[in-house]
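Asks: just coords:
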């Protein structure tokens, strides 16, 4: 899951080598995905009025429905 999500984000940004996704598991399975990108790419990941970030979260929710595992997305900034 983490690798698939990381690859998707790499396609969105200008500096794909700076993308890091860290999974913090919880007791129910799933967990929190912390996303770090280069400072210049932060706007691309968030999008206008948060649309891209919302779309990424929606993709995680659809994965949740299929697998029964819930993931949350946190976008980290410096």
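Replies: Nice, I can see it. All values reported here derive from a predicted model rather than from experimental measurement.
Asks: for the residue of the chain positioned farthest from its centre, give me the backbone phi and psi.
Replies: The centre of the chain is farthest from one residue, residue 27, which by C-alpha atoms, centre = their mean lies 20.0 Å away. Per-residue torsions, residue 27: phi -70, psi -20 (degrees, to the nearest 10).
Asks: okay, now the unreliable bits of this protein?
Replies: By pLDDT under 70, the low-scoring segments of the chain are 65.
Asks: so what touches the longest helix belonging to it?
Replies: Criterion DSSP state H: the longest helix present in the chain is helix 51-67. The contact list for helix 51-67, computed with C-beta atoms under 8 Å, 6 or more residues apart in numbering, reads 1, 5, 8-9, 12, 30, 33, 44-47, 69-73, 75. (Glycine included, C-beta is placed from N, CA and C.)
Asks: list only buried entries from these.
Replies: Using 16 or more other C-beta atoms under 10 Å as the burial test, the contacts of helix 51-67 include 5, 9, 12, 30, 33, 45-46, 70-71, 73, 75 as buried.
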